[in-house]
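J.: sequence-free structure coming up:
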């Protein structure tokens, strides 16, 4: 697996879009991440806090680290000082804890609300109405050290591309709908994180601004 060539492939693929590439480096050794970095990649996504905190200190300081996996409230404090974006916010309780840790570190932490768009019950996330209500709530406006910058969703893992397209299209419509609302100062619809190795082309076509690619860059785990 030639990591440099794979990075170049995606850079070329996304050149005429507003979509950015997140190299999903979970379970990958530091050497492979360094190789991707040297090929020009700057945004890396991790699924587990333990891995993220182990890798961050030993890799270049200008890497933008994204937390893309399910995040437990008791782990937020471990990444609050450096994480660039948390994709997987699926409860108000988690937002409150991110705000608390942001305050301790004197920095505002960027977050995406994870919306449940797939048919599988195993996926985390808010329902569409739930996400909209939370964004418009008085409570969210009080979180001074949280910035909600958009939405994230994971499509059903299926070969049915029509279904995947429908799910991504629905998330983009929700994104657009929320964009039109009168939003609190700490909420803006800027990023739409959707699309992985198997479905990123559909996601880009449907308006994704962040695709999360692991296998197609680093090979199988």
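T.: Yep, that arrived. Worth saying up front: this structure is predicted, and the values here are computed from it rather than measured.

J.: got a list of what residue 118 touches?
T.: Applying CB atoms under 8 Å, 6 or more residues apart in numbering to residue 118 gives the contacts 153, 154, 155, 156, 157, 167. Quick note: C-beta positions are derived from backbone N, CA and C, even for glycine.

J.: geometric centre of this protein: which residue is closest?
T.: Centroid-nearest residue in the chain: residue 87, 3.3 Å away (criterion: CA atoms, centre = their mean).

J.: can you list contacts of the lengthiest strand in the chain?
T.: The longest strand of the chain (DSSP state E) is strand 187-196. Residues outside strand 187-196 that contact it (CB under 8 Å, 6+ apart): 22, 24, 68, 85, 87, 112, 135, 140, 147-155, 168, 171-172, 175-176, 178-179, 183, 201-204, 206-214.

J.: which helix or strand lies directly C-terminal to it?
T.: Per DSSP states H and E, strand 187-196 leads on to helix 200-205 as the next helix or strand towards the C-terminus.

J.: which strands and helices lie in contact with that next one?
T.: Using 3 or more CB pairs under 8 Å, 6 or more residues apart in numbering; DSSP states H and E, the elements in contact with helix 200-205 are helix 161-179, strand 187-196, strand 210-213.

J.: could I get those in TSV, plus columns for mean neighbour count?
T.: Listed next are these as TSV, based on neighbours: other CB atoms under 10 Å:
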stretch	mean neighbour count
helix 161-179	17
strand 187-196	22
strand 210-213	23
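
J.: now these as JSON lines including mean pLDDT?
T.: Shown next, in JSON lines, are the helices and strands packed on helix 200-205 (pLDDT from 0 to 100):
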{"stretch": "helix 161-179", "mean pLDDT": "97"}
{"stretch": "strand 187-196", "mean pLDDT": "97"}
{"stretch": "strand 210-213", "mean pLDDT": "97"}
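
J.: quick one: closest of these to residue 31.
T.: strand 210-213 (18.6 Å; CB to CB).

J.: measure the nearest residue in space to residue 168 that is not next to it in sequence to residue 99 for me?
T.: Closest residue in space to residue 168, ignoring its immediate chain neighbours: residue 206 at 4.0 Å, by CB to CB, 6 or more residues apart in numbering. Distance, residue 206 to residue 99, using CB to CB, to the nearest Å: 31 Å.

J.: kindly report the same for residue 177.
T.: Residue 177 is 25 Å from residue 99, where distance means CB to CB.

J.: quick one on the thing from earlier: run a quick neighbour tally on the residue nearest to residue 168.
T.: 22 (other CB atoms under 10 Å).

J.: which residues are in contact with it?
T.: The contact partners of residue 206, taken as CB under 8 Å, 6+ apart, are 165, 168, 169, 171, 172, 194.

J.: just the pLDDT for the closest residue to residue 58 other than its chain neighbours.
T.: The shortest distance from residue 58 to any non-neighbouring residue, by CB to CB, 6+ apart, is to residue 30 (5.9 Å). At residue 30, the pLDDT value in this model is 96.

J.: I'd guessed residue 30 sits against residue 56; true?
T.: No - using CB atoms under 8 Å, residue 30 makes no contact with residue 56, being 10.4 Å away.

J.: which one of the two is surrounded by more residues?
T.: residue 56 (18 against 12).

J.: helices or strands next to the regular element (helix or strand) spanning residue 130 in the packing?
T.: Using DSSP H and E, the secondary-structure element containing residue 130 is helix 128-135. Applying 3+ CB pairs under 8 Å, 6+ apart, one finds that helix 128-135 contacts strand 109-115, helix 161-179.
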